[in-house]
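Q: Make a model of this:
(2 chains)
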Protein chains: 2
Amino acid sequence: MTLLSRAREGTVTETISRVALKEGIDPQILTRSIAEGTVVIPANSRHKHLDPIGIGQGLSIKVNANIGTSQDRVNINEEILKLRAALDAKTDAVMDLSTGGDISSIRRSILENTSVPVGTVPIYQAAVETATKKGGIIHLTPDILFETVEKHALDGVDFMTIHCGVTRNTLERLRQEGRTTDIVSRGAAFLVSWMLYHDRENPFYEDFDRLLSIARKYDITLSLGDGFRPGSLADATDRAQIQELVILGELTQRAWKADVQVMIEGPGHVPLDQIEANILLQKRLCHNAPFYVLGPLVTDIAAGYDHIACAIGGAVAGMAGADFLCYVTPAEHLRLPSVQDVREGVIASRIAAHAADIAKGNKAAFLWDLKMSEARKALNWERQIELSIDPEKARSYRQSSMPNSQDVCTMCGDLCAIKIVRQYLKSSNKSTC
Amino acid sequence: MTLLSRAREGTVTETISRVALKEGIDPQILTRSIAEGTVVIPANSRHKHLDPIGIGQGLSIKVNANIGTSQDRVNINEEILKLRAALDAKTDAVMDLSTGGDISSIRRSILENTSVPVGTVPIYQAAVETATKKGGIIHLTPDILFETVEKHALDGVDFMTIHCGVTRNTLERLRQEGRTTDIVSRGAAFLVSWMLYHDRENPFYEDFDRLLSIARKYDITLSLGDGFRPGSLADATDRAQIQELVILGELTQRAWKADVQVMIEGPGHVPLDQIEANILLQKRLCHNAPFYVLGPLVTDIAAGYDHIACAIGGAVAGMAGADFLCYVTPAEHLRLPSVQDVREGVIASRIAAHAADIAKGNKAAFLWDLKMSEARKALNWERQIELSIDPEKARSYRQSSMPNSQDVCTMCGDLCAIKIVRQYLKSSNKSTC
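A: Below you'll find the predicted structure:
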């Protein structure tokens, strides 16, 4: 039985209880949300040391960090350092997107070195290994694809991106309308190349039931990928993107019927004014399945600072209802991220998620800020540093520039507004009492 | 005659023509917007080498960088380096907020070293020099305040923050309702201390006409400061903040009657879901005078990363109608910013302004992104770097991690989706033609 089928029976499993406790909500309510598909807990039944998290409506917004090798940079130790950096920065989940080196052993190392849920994109390994062994990705077969999914499942991967909505019909719409950046999803690029070469339908769409049977067997959460996500603002919310979303909505209901948890992946590059509509569309078309957004990036020109473009888009998306923010690092569009890029990416997305949580009325999020502001008013610097999103960075900033008076900072020195006002408001309050 | 009075006569001055050309709009329309007060061009008649900019409705959103010494850190060379960093990062304006060292000569150096509009907060100098000479800010006098304003005007300062809305009545409201962080504006802190000590009204409010006569004489743009801006999310949109805004709206109309250009400063720390309402309120209460926002910061806990919290708030504010974004650097709440902090702060705010410009339909902004995406599809890396918001950083990222194939990057290597899809979509297009 899967978590979804047990939730439908009304069983509050241990996994559900643990998540409810973390979120500070009633386990019965959480069970109902899982049963309705509005919340997922990615938890492969073979993932032994998992500390489960919930993603979806009514819960705090979660953050994912993508790590993994590329064909140009293979260094497993560096990937483990990236994993640690992501965990230190308090990511809620990681995805291993490795495409270089011994992909299986990197995945297993990552799974061994963390208790957060781990996601993968099995088609990457399938395509890379087929290209290496057989000389081209066109030699992929449906069997290779599904067997790779099962291999990842056997290792304990909790959620997997599968580009089921990349169909011939949607591709034809893309070609008819035309696009600025065509396809920027690697998974979709592999599938489309194969589909065009063989003049065949996407196996993940055509044999979706085979995928569902693997997902059910290991209790995998499917993350239905947005292969036709816009790679530029000019392509946002176009026919190909929306057509794919319509199909993902249909597949969501099929997954639910098969007792499989599902979330939907979303764009991509989206102008600020189109984000809210994109979230609304996803929620409506996919019957409130959790929405996992990559960014969205609110401009195409922020290379070197895409974590900021992502934080802007992620905060607005989160406020509108996105449930899971995939980070983007400053390295996006330029290079495989470094350890430092990973850290900066996670923190930026956490700021976005937190700002959106506050906007949505999350009490714990609001109280964190309140404590910080009370520490600020009290001129309690140690407490301010502890309460910062990245205490290490806050401390290094303060220590790099120590004030003459210990109760202020070098921005204002003794002209600190809080320090001045405290004195006068206090004495004035006394005189009127 | 001031720019405002000439615009009201329908005169398209040279300054107006230059700004219209930069914005790509009709000079007549710009003249009308200035006459109506919805656009300002801060341009002190004594500022010789000014390259003027327009701020307000219908124009691209502008960015300001605050620099200047503090009492704890006085290094004029470093301030000039910060000025250059801000200009290199393409700030639209700078404010000199110096409170340490020889404040007048720092201001003059900054004015000599840039052609962008320069703003100041004259009460800083008035308070610091009074405290130094007379032993306390309570020894300020109305004459000292107004004479300092005139001193700055004589030097060619284009716009000045004056906290005219800090009144006894508003302060009483603040005390009655209570606040988490009371007052975080230094200007307001000085004024409130003086007002409470002497049991007197704010001279800038009481003798607003004296301020207007100086502003008119030198054609200063008044930036009506938000002394009661919230310093924590918990204080946002409270009575003190809104009461001050009501007063600033009244003073805006008085300034317009005196032929003085005016803009309004806004918060501060504001939850994401309250930003749009804050902009609407300002625009309505101040009859569409340009809105100059400090941030807004969408969380209190991002010390070390407040430029990101600011970019999120600034983008949402800009989309809702804010016209001028004051940057916040990563050093905010921790130390006086360094040269590097200044650079990062400007870029983050420019990303926010640009994302909001696109959302508002600014064609030039959209075309920049389109060009970038076309370069991306063409795998033209030199062009992508040139089109990045910070080409230097983009280049250093790419050079730090060169791919094996020159047409891709190390994120995906030869598995680049654009590279793969181009090949297959092209051959497939051929076969169907």
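
Q: give the contact list for the spatially closest residue to A:Leu285 that is not a sequence neighbour.
A: Ranked by CB to CB, 6 or more residues apart in numbering or on different chains and with sequence neighbours excluded, the top spatial neighbour of A:Leu285 is A:Gly249, at 4.0 Å. C-beta here means a position set from N, CA and C on the backbone, and glycine is covered the same way. A:Gly249 makes contact with A:Ile264, A:Leu285, A:Cys286, A:His287 under the criterion CB atoms under 8 Å, 6 or more residues apart in numbering or on different chains.

Q: which phi and psi does the second one have?
A: I take that to be A:Leu285. phi -70, psi -30 (degrees, to the nearest 10).

Q: burial count for it?
A: 18 (other CB atoms under 10 Å in any protein chain shown).

Q: Mind jotting down where the strands sit in chain A?
A: Ranges of strands in chain A, per DSSP state E, are A:39-40, A:55-56, A:62-67, A:93-96, A:118-120, A:159-162, A:221-224, A:262-266, A:291-294, A:324-326.

Q: so where do the helices sit in the stretch 301-433 of chain A?
A: Applying DSSP state H, counting those that start in this stretch to the stretch 301-433 of chain A gives helices spanning A:306-320, A:339-359, A:363-377, A:381-387, A:391-399, A:417-432.

Q: Over to the stretch 51-200 of chain A?
A: Taking DSSP H, counting those that start in this stretch as the criterion, the stretch 51-200 of chain A carries its helices at A:76-88, A:103-112, A:122-134, A:142-155, A:168-177, A:186-198.

Q: can the second one be found next to chain B?
A: No. Shown here: helix A:103-112 not in contact with chain B (CB under 8 Å from any CB of the partner chain), separated by at least 12.3 Å.

Q: just the last one next, same as before
A: Yes. Shown here: helix A:186-198 in contact with chain B (CB under 8 Å from any CB) through A:Arg186, A:Ala188, A:Ala189, A:Phe190, A:Val192, A:Ser193, A:Leu196, A:Tyr197.

Q: Next one: A:Ser248 from B:Thr161, what distance?
A: You called it Ser, but residue A:248 is Leu. 51 Å (CB to CB, to the nearest Å).

Q: Likewise for A:Cys286?
A: Distance from A:Cys286 to B:Thr161, by CB to CB: 48 Å.

Q: out of the helices of the stretch 301-433 of chain A, deepest packed?
A: Of all the helices of the stretch 301-433 of chain A, helix A:306-320 carries the top mean neighbour count, a mean of 30, counting by mean count of other CB atoms under 10 Å in any protein chain shown.

Q: list the helices and strands that one packs on?
A: helix A:275-285, strand A:291-294, strand A:324-326, helix A:339-359, helix B:306-320, helix B:339-359 (3 or more CB pairs under 8 Å, 6 or more residues apart in numbering or on different chains; DSSP states H and E).

Q: quick one, the fourth one and strand A:62-67 angle?
A: It refers to helix A:339-359. 170 degrees (axes from the mean of the first three to the mean of the last three CA atoms, to 10 degrees).

Q: So what angle separates the directions of helix A:339-359 and helix A:363-377?
A: Using the same axes, to 10 degrees: helix A:339-359 against helix A:363-377 is 100 degrees.
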